[in-house]
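Asks: with the input below, show me the fold.
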Amino acid sequence: MAVVDSRTSTQPASVPRAKTAPGKLPGLAMAAAGVALSWGTHRLVPAVPMLTAAVVLGIAAAHLPGVRTRVRGIGKPGLTLAGKRLMRVGIVLLGLKLSLDDVLGLGWATVAMVVAVVAATFFGTLWLGRRLGLRGDQPLLIATGYSICGASAIGAVSEVSGSDEEDVATSVALVTLCGTLAIAVLPLLHHPLGLGDVAFGRWVGASVHDVGQVVATAQTAGPAALGEAVLVKLMRVALLAPLVAAVAMAVRQRRAAAGAPAEGKRPALVPLFVLGFLAMVALRTTGWLPGGALDAAAHTQELLLAAALFGLGSAVHLPSLVRTGGRVAALGLCSWAVVAGVSYGGVLLTT
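Replies: So this is what the prediction gives:
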């Protein structure tokens with residue numbers, strides 16, 4: 001009897017494990033549906049980037065009656081997986097959009113300008129966010145999103161900082177909102193600021209957050225502006241790798257100073273997905289990949305990031321955001337003013 005009892009006592013513990021295996025499928029299906037809706041929205045309204053639509057639809061799904069219970073219940077494991085794992089793969093493929101030849105073709109003056117814009121925006125936003133008393137890693141994540149490449153950068157840094165999911169979702173929502181506003185606001189300032197098409201493109205590339213938002217904004221001034229905007233923007237993307245490595249080192253030092261146990265998980269100094277990103281940059285630089293392969297990778301990358309951003313958007317809780325909304329909005333507007341102002345001055349000096 002003792003043998004029978006011991007066997008039967010282990011069965012309840014094994015049942016939950018059997019149920020967790022397919023537990024991520026509903027959320028992944030929701031993310032796939034979100035991608036399809038985002039693609040359809042972009043096709044109907046080309047001015048709305050697909051990635052922006054994905055975040056907005058994710059936020060909407062998390063608050064619509066009848067849908068939110070599924071999103072925050074049965075769908076949560078899969079949506080969390082999409083927001084983390086698919087984000088990593090999308091960031092790796094993002095490296096195929098950049099080659100070292102493109103960076104060198106910008107000229108050292110433009111490269112120095114981009115580095116200065118990123119540094120001023122990052123450290124200025126980080127300092128102000130802490131002064132405003134924002135919770136957790138929100139200052140770090142918002143600073144990263146504004147200075148590098150929006151939600152993709154936030155996802156990358158959150159992987160090594162171990163940031164709270166709510167902090168990540170709030171930061172993504174704020175950066176996406178400001179980047180979306182830039183699509184409407186910046187073209188109105190094109191001629192009043194006295195910028196030619198090339199200069200306007202560089203300003204957009206240096207100041208707008210997400211790559212899709214850069215394209216949507218710069219294309220209003222023609223192909224010359226669009227080409228310059230994408231090159232400058234990808235230069236900012238290239239700075240993602242050293243920033244993630246620096247954050248990982250800071251996290252290590254902080255844990256060591258706090259006396260964290262040695263057996264605790266230590267963030268890699270250069271995470272695997274960042275090494276993958278750099279490997280893709282190197283591969284693109286060789287020129288071995290045909291245009292068709294690059295196009296396929298670009299489409300795949302956009303789909304993966306759309307699924308990841310839908311997942312992150314579904315984690316946004318608007319009532320919680322409202323409680324800190326004033327401070328978060330103040331930080332977002334100030335950071336937007338910094339990145340736009342510093343980049344405008346840099347463009348005037350380099351063109």
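Asks: how many other residues sit next to G145?
Replies: Per other CB atoms under 10 Å, the neighbour tally for G145 reads 31. For the C-beta atoms, the positions are set from N, CA and C on the backbone; glycine is no exception.
Asks: grab the nearest non-local neighbour of it.
Replies: Distances taken as CB to CB, 6 or more residues apart in numbering place V175 nearest to G145, at 3.7 Å, with adjacent residues excluded.
Asks: got it, and A62?
Replies: S314 (4.6 Å).
Asks: ok, the one you found - contacts?
Replies: Shown in contact with S314 (CB atoms under 8 Å, 6 or more residues apart in numbering): 30, 58-59, 61-62, 71-72, 75, 79.
Asks: make it 10 Å
Replies: Taking CB atoms under 10 Å, 6 or more residues apart in numbering as the criterion, S314 is in contact with 27, 30-31, 34, 55, 57-63, 67-68, 71-72, 75-76, 79-80, 82-83, 169.
Asks: among those, which lie within helices?
Replies: When DSSP state H is applied, these are split such that 27, 30-31, 34, 55, 57-61, 68, 71-72, 76, 79-80, 169 fall in helices.
Asks: just the pLDDT for G332.
Replies: G332 is assigned a predicted lDDT (pLDDT) of 88.
Asks: and it, how many neighbours does it have?
Replies: Look at G332: counted by other CB under 10 Å, it has 22 neighbours.
Asks: cool, the one 4 residues further on as well?
Replies: W336 has 23 neighbours, counted by other CB under 10 Å.
Asks: what about it, which SS state?
Replies: On the three-state scheme (DSSP: H, G, I helix; E, B strand; the rest coil), W336 is labelled helix.
Asks: in contact with it, which residues?
Replies: 121, 125, 146, 174-175, 178-179, 181-182, 185, 207-209.
Asks: can you give me the separation between it and V328?
Replies: With distances taken as CB to CB, to the nearest Å, W336 is found 12 Å from V328.
Asks: just the contacts of W336 now: which is nearest R135?
Replies: Closest approach between these and R135, by CB to CB: L174, at 13.2 Å.
Asks: surely the residue nearest to G145 and Q138 touch.
Replies: No - at 11.2 Å, V175 does not count as touching Q138 under the criterion of CB atoms under 10 Å.
Asks: so for stretch 128-141, first residue to last residue, what's the gap.
Replies: 13 Å (CA to CA, to the nearest Å).
Asks: go ahead and measure how far it is from the middle of the chain.
Replies: Relative to the chain's own centre, stretch 128-141 is displaced by 17 Å; criterion: CA atoms, centre = their mean, to the nearest Å.
Asks: so for that stretch, what gets flagged as buried?
Replies: For stretch 128-141, a neighbour-count test (16 or more other CB atoms under 10 Å) marks 128-129, 132, 134-135, 137-141 as buried.
Asks: do stretch 54-65 as well
Replies: Quick answer for stretch 54-65 (16+ other CB under 10 Å): 54-62.
Asks: so can I have TSV of those residues showing distance to L195 and pLDDT?
Replies: Putting these into TSV (distance: CB to CB, whole Å; pLDDT from 0 to 100) gives the following:
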residue	distance to L195	pLDDT
A54	30	88
V55	29	83
V56	29	87
L57	33	92
G58	34	89
I59	33	87
A60	35	90
A61	39	92
A62	39	89
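Asks: just the closest of these to L96, please.
Replies: A54 (20.3 Å).
Asks: ok, the closest one touching G40?
Replies: No - contact criterion CB under 10 Å: A54 and G40 do not qualify, at 11.4 Å.
Asks: do a quick rundown of the strands in the protein.
Replies: Secondary structure of the chain (DSSP state E): no strands located.
Asks: point out where it drops to low pLDDT.
Replies: 1-22, 258-271, 320-325 (pLDDT under 70).
Asks: count of neighbours near the closest residue to L132 other than its chain neighbours?
Replies: Of all residues not flanking L132 in the chain, R327 sits nearest, at 4.6 Å (CB to CB, 6+ apart). Residues contacting R327 under the criterion other CB under 10 Å number 17.
Asks: for R327, give me its contacts.
Replies: R327 touches 128-129, 131-135, 138, counting by CB under 10 Å, 6+ apart.
Asks: can you tell me which of those is closest to V45?
Replies: Closest to V45, out of all of the contacts of R327 and judged by CB to CB, is Q138, at 30.2 Å.
Asks: so that closest one is in contact with E166, correct?
Replies: Yes - Q138 lies in contact with E166 (CB under 10 Å); the separation is 9.2 Å.
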